[in-house]
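A.B. asks: Let's see this in three dimensions:
(one chain, ligands or ions: 1)
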Amino acid sequence: MIMTDWENRYRQNDTGWDKGEAAPPLVDYLRLHSIQGHVLVPGCGRGHDALALAHQGAQVTGLDVAPSALTEAQKKNPHAHISYEQGDFFQLPFPWHNRFDWLFEHTCFCAIDPSQRTAYALSATLALRPGGHIFAIFYLNPSHASGPPFPSSRKELDHLFQPSFDLREEWVPTRTFPGRENRELVRLYQKR
Ligand SMILES: C[S@@+](CC[C@H](N)C(=O)[O-])C[C@H]1O[C@@H](n2cnc3c(N)ncnc32)[C@H](O)[C@@H]1O
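C.D. replies: Sure thing, here's the model as predicted:
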């Protein structure tokens, strides 16, 4: 299993994934739709996506294992409706079970070791209330010989999420960060 030292990556500013703004597929979605209620952002990093979600009215919990990411998130992207919390997505505190209306996924699922993906799907299931949604930007096509980021496939996503979620929509985003064109897949799931 590849265990990345995320805290060290933030301390060294070795954070090439961070483009300094919210993910374009999220921004584009929010132009036409809204994501309301309690939203969990696992692996929120410096909080750019959390801020975009809070701006349009959601109550956001940004979760990350790396304390330095959260210190920077609080400094760069504070908002009255965001709570930045340090913790492990695979060890959700009991009061968070069935608590969230939405989970927003962007570059956390592809960052963890692929052997942890079943645990990711389980944590997502635990965190969301019945009827709650996942808005996920998945990373499909490999651009590196080794990860992170680790790509996935539609088949793997079906296997992981179908037991507890219905797939409501999927699309290949027209706007992405440069270099991610045709490598991302957005999926909107609903928990049964
Ligand atoms: C590739 S970075 C992406 C950060 C952010 N989503 C972004 O796009 O800028 C992956 C993030 O997931 C966090 N992370 C990794 N494993 C985690 C876990 N088990 N629980 C919570 N956060 C985790 C890392 O600390 C890191 O901030």
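
A.B. asks: Residue numbers of this structure in contact with the ligand?
C.D. replies: Residues of the chain lying close to the ligand (Cβ under 6 Å from any ligand atom) are 6, 17-18, 42-46, 63-66, 69, 88-90, 106-108, 111-112. Backbone N, C-alpha and C define where each C-beta goes, glycine included.

A.B. asks: In strands only, show me those residues.
C.D. replies: Counting by DSSP state E, these place P42, L63, D64, H106 in strands.

A.B. asks: Now do the same contact list for the last one.
C.D. replies: For H106, the residues meeting the contact criterion (Cβ atoms under 8 Å, 6 or more residues apart in numbering) are A23, L26, V41, D49, A136, I137.

A.B. asks: Rebuild those residues as TSV, extending it with secondary structure and distance to A121.
C.D. replies: Below are the contacts of H106 laid out as TSV (DSSP: H, G, I helix; E, B strand; the rest coil; distance: Cβ to Cβ, whole Å):
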residue	secondary structure	distance to A121
A23	coil	21
L26	helix	21
V41	strand	17
D49	helix	20
A136	strand	11
I137	strand	16
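
A.B. asks: Next up, the contacts around V186.
C.D. replies: Counting by Cβ under 8 Å, 6+ apart, V186 touches P25, Y29, F135, A136, I137, F138, E169, E170, W171, V172, P173.

A.B. asks: Give me the distance between the residue nearest to the spatial centre of the chain and K75.
C.D. replies: The centroid of the chain falls nearest to E105 when counting by Cα atoms, centre = their mean (2.2 Å). The gap separating E105 from K75 is 24 Å, by Cβ to Cβ, to the nearest Å.
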